[in-house]
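**Student:** pasting the structure only:
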């Protein structure tokens, strides 16, 4: 019997025949799971307590992507004091080709998923390659060193949620996120204030 090279169990039957028929069932375990590549360089949990005094927040609209009818937005939270930054990419109802002045910040709860057709999905962080080499896509956390001259840690978002809701003033927003990277470290944050829309449709 050859080794099973796929990550799914399989089975077969052997039938022995003489004056009677006997059936022997052979079950084979799946191949061991391939070790997952760890991309995070974090060494601790992270808390981001943000407000308009220490943080700039942008909602970048990329239009439709990932071969689905959903719109792609990236929420950027940039803490200029602690030099922590997180980009959270979400898929939600498309706003189509409306003029930039008609775009609005999408509200709701976004949950990590691998389903590119799942509305209100928070895209996990991933690393891929194209003609220009490797690049990081989806949702990522980044922090700089004290001088801001170099990146000291990065982490792909592996699971969690992002909530965005508009405040009663109808202009500012309250956003919270509770996430984990691929090492299991938690990345939590909250922000209350304005969110600037940027149009990055191709």
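**Tutor:** Yes, it's here. All values derive from a computational prediction rather than experimental measurement.
**Student:** which residues touch the most centrally placed residue in the chain?
**Tutor:** Nearest to the mean C-alpha position of the chain, by C-alpha atoms, centre = their mean, lies residue 124 at 1.9 Å. Neighbouring residues of residue 124 by C-beta atoms under 8 Å, 6 or more residues apart in numbering: 112, 114, 138-139, 156-159. The way it works is simple: take the backbone N, C-alpha and C, and place the C-beta from them, glycine included.
**Student:** So it versus residue 33, what's the distance?
**Tutor:** Note on residue 124: its distance to residue 33, by C-beta to C-beta, to the nearest Å, is 18 Å.
**Student:** swap in residue 134?
**Tutor:** 23 Å.
**Student:** returning to that earlier point: could you dump the contacts of residue 124 into TSV with distance to residue 6, secondary structure and neighbour count added?
**Tutor:** Formatted as TSV, the contacts of residue 124 follow (distance: C-beta to C-beta, whole Å; DSSP: H, G, I helix; E, B strand; the rest coil; neighbours: other C-beta atoms under 10 Å):
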residue	distance to residue 6	secondary structure	neighbour count
112	26	strand	21
114	19	coil	9
138	26	coil	18
139	30	coil	29
156	26	strand	20
157	29	strand	27
158	24	strand	21
159	25	strand	15
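**Student:** now, which of those residues sits nearest residue 171?
**Tutor:** Proximity of the contacts of residue 124 to residue 171 (C-beta to C-beta) peaks at residue 139, which lies at 25.8 Å.
**Student:** okay, the closest residue to that closest one other than its chain neighbours: pLDDT?
**Tutor:** Leaving aside its chain neighbours, residue 139 sits nearest to residue 157 (3.8 Å; criterion: C-beta to C-beta, 6 or more residues apart in numbering). What the model reports as pLDDT for residue 157 is 98.
**Student:** and what of the one 5 residues further on?
**Tutor:** Turning to residue 162, the model gives it a pLDDT of 98.
**Student:** what's across from it in the sheet?
**Tutor:** Taking DSSP bridges as the rule, residue 162 bridges to residue 110, residue 177.
**Student:** where does residue 101 land in three-state SS?
**Tutor:** Here residue 101 is helix, with the state taken from DSSP: H, G, I helix; E, B strand; the rest coil.
**Student:** Give me the neighbour count for it.
**Tutor:** 7 (other C-beta atoms under 10 Å).
**Student:** so how far is residue 199 from it?
**Tutor:** Where residue 199 is concerned, residue 101 sits at a distance of 9 Å (C-beta to C-beta).
**Student:** again with residue 26
**Tutor:** Residue 26 is 60 Å from residue 199, by C-beta to C-beta.
**Student:** who has more neighbours, these two?
**Tutor:** Set residue 26 next to residue 199 and count neighbours by other C-beta under 10 Å: residue 199 wins out with 13 against 10.
**Student:** quick one: contacts for that one?
**Tutor:** Going by C-beta under 8 Å, 6+ apart, the list of residues near residue 199 reads 60-61, 100, 103.
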